[in-house]
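Novice: curious how this folds, go ahead:
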Amino acid sequence: MEGSVIPQQPAPTPSAGWTPANPAPLGLAGFAMTTFVLSVIKANWVSGADVPVVLGLALAYGGLAQLLAGMWEFRAGNTFGAVAFSSYGAFWISFFVLVMFNAGQIAAPGNVGHAIGLYEWAWAIFTFYMMIAALRVSGAVLLVFFLLTITFALLAIGDSGAHTTVTHWGGYIGVATAIAAWYASFAAVINSTFGRVVAPLFPLNK
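Specialist: A predicted model of the protein is given here:
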């Protein structure tokens, strides 16, 4: 069904009279808002000193809310959604821990960029293979993963080599990633609310 964002697999029969809501729009919205705020900072549109404003979002909305969406996707029998939302929810929680507690423990200040670059490369690899899986989901979701793969790669290159311009480009593409995720969330909510396709998600699994 196009309005579901991510295709649902057969799930256990729910209790009589109980209709589960689709958790994907929540996961996408949490991911989009947190990504948008951090990417605006990475793009240098606001001061880098504003990073602490991301931390609350990373822990609560991008982290906990998205992780819960992933758990609900497990209940719905949706492997792709469960892995995606649980993983990126965990990513944002790990980002919070990294900034608050771990980054300052790296022995040499010059190694911080290399360490963060490694972290970002690992997430770029994960995002790339999820992008391959998204080829059977929808055009909207595929665009999110395509842009996110580029975002992680640019940030990794920028942080590993202290290339400020490359980091800024990672921020620009990150903003585009957030907009694409917001659209996918909006489309699912509006289609569900109106009971028909108002905003297309461009399904690829037919």
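Novice: so what's residue 87 up against?
Specialist: 70, 126, 130 (CB atoms under 8 Å, 6 or more residues apart in numbering). Placement of C-beta: from N, CA and C, glycine included.
Novice: so how many other residues sit close to the last one?
Specialist: Okay, so that is residue 130. 20 (other CB atoms under 10 Å).
Novice: which residue is the nearest non-sequential neighbour of it?
Specialist: residue 145 (5.5 Å; CB to CB, 6 or more residues apart in numbering).
Novice: wait, the one you found touches residue 126, no?
Specialist: No. Counting by CB atoms under 8 Å, residue 145 does not reach residue 126; the two are 10.2 Å apart.
Novice: neighbour count: the two, which is higher?
Specialist: residue 145 (23 against 18).
Novice: quick one: the more buried one is in a helix?
Specialist: Yes. Under DSSP: H, G, I helix; E, B strand; the rest coil, residue 145 falls within a helix.
Novice: before we move on, the earlier item: in contact with the residue nearest to residue 130, which residues?
Specialist: With CB under 8 Å, 6+ apart, residue 145 has these contacts: 127, 130, 131, 134.
Novice: switch to 6 Å and redo it
Specialist: Residues in contact with residue 145 (CB atoms under 6 Å, 6 or more residues apart in numbering) are 130, 131, 134.
Novice: out of the contacts of residue 87, who's nearest residue 24?
Specialist: Taking CB to CB as the measure, residue 24 sits nearest to residue 70 out of the contacts of residue 87, at 9.8 Å.
Novice: report the mean confidence score over the one helix or strand residue 119 maps to.
Specialist: Secondary structure from DSSP states H and E places residue 119 in helix 112-133. The average pLDDT for helix 112-133 rounds to 95.
Novice: stretch 67-77 now?
Specialist: 96.
Novice: ok, now how distant is the residue nearest to residue 130 from residue 34?
Specialist: 16 Å (CB to CB, to the nearest Å).
Novice: low-confidence ranges in the chain?
Specialist: 1-18, 107-110, 206 (pLDDT under 70).
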